[in-house]
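Visitor: model this:
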Amino acid sequence: MATVNLYNYFTVSIDNVTYKAGSLSTAQTLTAADGVIFDQTYSVANTTLTEIWSDDLMTGASTDFDFLWIQSDQDAELQFVCNEGGTLSSSNIENGFVVKVLANIPYVLSADDSRNMGNMAGAFSEGNHQIEIDTWESTWTADTIDRIEFYHSTSTAARVRVIAIT
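Guide: Model (predicted):
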């Protein structure tokens, strides 16, 4: 078992009023069950989709991470894939979501739990448009992130560091 200490802090001044949250002296503590770390740095060419983490890479541990840190020196996008290998007939369809990250600002997750649309019975469409979801979808499938991919389109290769701890 390992303990991760995370410090979060920001300030912003708007119209001569300063807003701040977090602490530089008091850590938020996360427990990593297996005490196994994945620490990898990649050089990723532009416009090349690259897998930077998967649960297959967490050798010697459970496949779930308890802490994730991703930092790139280029603006980029991260694609998180859940229910990898799932099927519509099993109500656990594979799906993913993408987030944009800015250069040198870390992306941090404190768990790899997800809830995603495995039950397509609740999905309706009008023509070619998905109807918007206005309620909490408590029937969606609870799962974990299985794979993370990295993509950027800047002119130089991106240096990306991934740390996953379980």
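Visitor: list the neighbouring strands of the top strand by length along the chain plus their orientation.
Guide: Using DSSP state E to define each element, the chain has its longest strand at strand 141-151. Partners of strand 141-151 in the sheet, by DSSP bridges, are strand 50-54 (antiparallel), strand 76-82 (antiparallel), strand 113-116 (antiparallel).
Visitor: lowest average pLDDT across those?
Guide: Mean pLDDT across the strands paired with strand 141-151 is lowest at strand 113-116; the value there is a mean of 78.
Visitor: that strand: how far from the chain's middle?
Guide: In terms of CA atoms, centre = their mean, to the nearest Å, the centre of strand 113-116 is set 11 Å apart from its chain centre.
Visitor: got the contact list for that strand?
Guide: Identification of contacts with strand 113-116 by CB atoms under 8 Å, 6 or more residues apart in numbering yields 64, 80, 82-83, 95, 137, 140-145. For glycine as for every other residue, the C-beta is placed from the backbone atoms N, C-alpha and C.
Visitor: closest to T156 out of the strands paired with strand 141-151?
Guide: strand 76-82 (12.0 Å; CB to CB).
Visitor: next one: that closest one to chain centre, how far?
Guide: With CA atoms, centre = their mean as the basis, strand 76-82 stands 7 Å off its chain's centre.
Visitor: just stretch 27-44 next, same as before
Guide: On the basis of CA atoms, centre = their mean, stretch 27-44 sits 13 Å off its chain's mean C-alpha point.
Visitor: start to end distance for that stretch?
Guide: By CA to CA, to the nearest Å, the extent of stretch 27-44 from end to end equals 32 Å.
Visitor: that older thread, how far does the helix or strand just after the longest strand of the chain sit from its chain's centre?
Guide: Next helix or strand after strand 141-151 toward the C-terminus (DSSP states H and E): strand 158-165. Using CA atoms, centre = their mean, the mean C-alpha position of strand 158-165 is found 12 Å from that of the whole chain.
Visitor: picking that back up, want to throw the strands paired with strand 141-151 into a markdown table with distance to Q40 and mean neighbour count?
Guide: Shown next, in a markdown table, are those (distance: least, CB to CB, whole Å; neighbours: other CB atoms under 10 Å):
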| stretch | distance to Q40 | mean neighbour count |
| --- | --- | --- |
| strand 50-54 | 7 | 18 |
| strand 76-82 | 14 | 20 |
| strand 113-116 | 22 | 17 |
